[in-house]
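Engineer: Sharing a model prediction with you, sequence too.
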Protein chains: 2
Amino acid sequence: MASARDRILDAFEELLITEGERAATLDAVAARAGVSKGGLIYHFPSKDQLAHGVCGRLTSLAADDAARMRAAAEGPARFYIRSSRYRGTPLDRAIVAVARLHQGGNTEAVATLRAVEAQWLAILAEALRDDDAAQAIKLMGDGLYYEALFRLPTGSPPLEPDAATDDHELERLFRVIDKIVG
Amino acid sequence: MASARDRILDAFEELLITEGERAATLDAVAARAGVSKGGLIYHFPSKDQLAHGVCGRLTSLAADDAARMRAAAEGPARFYIRSSRYRGTPLDRAIVAVARLHQGGNTEAVATLRAVEAQWLAILAEALRDDDAAQAIKLMGDGLYYEALFRLPTGSPPLEPDAATDDHELERLFRVIDKIVG
DNA sequence: GTCTATATTGTGATAGAC
DNA sequence: GTCTATCACAATATAGAC
């Protein structure tokens, strides 16, 4: 069984993603993690500490992703677009959770997101050797996340799309990308 | 002087945009609008009614924008990308305000945003006669809004960019678009 | 139409037992 | 490490005077 600390962070992320920032109260997090509020407070003395925890997760997961992106056989551009679709991976979840925290006015969340995004743009620009193409592809990836961000929350369906339809959408985006970088 | 009702909606929008959904309390809105909380409640009996007001503004402004987009001399694609940059227009402000409401768990905000975005995508697809290009350009516009959404809030600088630098960025995006639609 | 109370609930956090 | 109280405060909303 995962440590109480990890279960609490998981619960916080899940509530942020599926119920929104406002619903992710200490009471709700404790209940979902299966601990009392006092138990939660022992691990995270304040709500900012809880936010700090998910920001740390995002930073770590994004660093791993950046390494994979640089080394991707299909190239960073396709890798980036492919992974910009929300699939519920730990990285996807961390991004959306931190994005929600940002809405709640958390300042660390803004800085964390900005650092992660700057890293991705830098990798694209370096690989493509074309700042305009990199910027355009970065925007398309942002757009994909934007869509997910506004489809997920507030008790919506779990966003579990058909894989076949979905791969077809991806191929279509790849063809557009080829026009941009070609 | 604007009616009290309009001043209240303006104040609510402004707080949502610059301070975030959590800071846009009835107290804060009343103070910024220059009325008492009781006065506010007379015009908007609940906070949902307040949200309903800004959703209505967005729907109305988006309909006007859609008409201009269809008739734009430069074409809907360039018009859409140009107007996707946050410039603090009434439409820009309404979009960001409703996006913030969405984070707070307001269901009407989701439906309103979705309807508006579907309309824009339909106009692009119809004008370009290329669903893939329309989707890609729509994503780029979403990406531009996503950037604004995460640069604006929580007491950030007013986001008043240099017009010359900015037009240059736009020209570079236009060149990428030409590759996609050409 | 706008105001001043006030009621009620929810939220983050503390204190201290076990 | 985890729990059960409990506090202090902020938020929405109501009641009724002017």
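Structural biologist: Perfect, I can see it now.
Engineer: drop to CA atoms for contacts and neighbour counts, all remaining ones
Structural biologist: Will do.
Engineer: near DNA strand C, which residues of chain A?
Structural biologist: A:22-27, A:37-38, A:41, A:45-48 (C-alpha under 7 Å from any atom of the strand).
Engineer: Please check those residues and keep the buried ones.
Structural biologist: Buried by 16 or more other C-alpha atoms under 10 Å in any protein chain shown: A:Arg22, A:Ala23, A:Ala24, A:Leu26, A:Ile41, out of those.
Engineer: rewinding a little: from the residues of chain A next to DNA strand C, which single one is nearest A:Asp6?
Structural biologist: Distance ranking of those against A:Asp6, using C-alpha to C-alpha, places A:Ile41 first at 13.7 Å.
Engineer: contacting residues around the host helix or strand of that closest one?
Structural biologist: Using DSSP states H and E, A:Ile41 sits in helix A:37-43. Outside helix A:37-43, the residues within contact range by C-alpha atoms under 8 Å, 6 or more residues apart in numbering or on different chains are A:Arg5, A:Ile8, A:Leu26, A:Asp27, A:Ala30, A:Ala31.
Engineer: rewinding a little: so which of the residues of chain A next to DNA strand C sit within helices?
Structural biologist: When DSSP state H is applied, these are split such that A:Leu26, A:Asp27, A:Lys37, A:Gly38, A:Ile41, A:Lys47, A:Asp48 fall in helices.
Engineer: Reformat those residues as a markdown table; add pLDDT.
Structural biologist: What follows is those, written out as a markdown table (pLDDT from 0 to 100):
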| residue | pLDDT |
| --- | --- |
| A:Leu26 | 98 |
| A:Asp27 | 98 |
| A:Lys37 | 97 |
| A:Gly38 | 96 |
| A:Ile41 | 97 |
| A:Lys47 | 98 |
| A:Asp48 | 97 |
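Engineer: tell me, which of the residues you listed make contact with DNA strand D?
Structural biologist: Restricting those to those near DNA strand D - C-alpha under 7 Å from any atom of the strand - leaves A:Lys37, A:Gly38.
Engineer: And the ones in helices among the residues of chain A next to DNA strand C, which is closest to DNA strand D?
Structural biologist: Nearest to DNA strand D among these: A:Gly38, at 3.6 Å, using C-alpha to the nearest atom of the strand.
Engineer: Please list the residues of chain A that sit near DNA strand D.
Structural biologist: A:Ala4, A:Arg5, A:Gly34, A:Val35, A:Ser36, A:Lys37, A:Gly38, A:Gly39, A:Leu40, A:Tyr42, A:His43.
Engineer: Please pick the buried ones from those.
Structural biologist: For these, buried by 16+ other C-alpha under 10 Å: A:Arg5, A:Val35, A:Ser36, A:Leu40.
Engineer: any idea which of those is the one closest to A:Ala66?
Structural biologist: Closest approach between those and A:Ala66, by C-alpha to C-alpha: A:Arg5, at 26.1 Å.
Engineer: Now that closest one: closest residue in space, sequence neighbours ignored.
Structural biologist: Distance criterion C-alpha to C-alpha, 6 or more residues apart in numbering or on different chains; nearest residue to A:Arg5, sequence neighbours excluded, is A:His43 at 6.3 Å.
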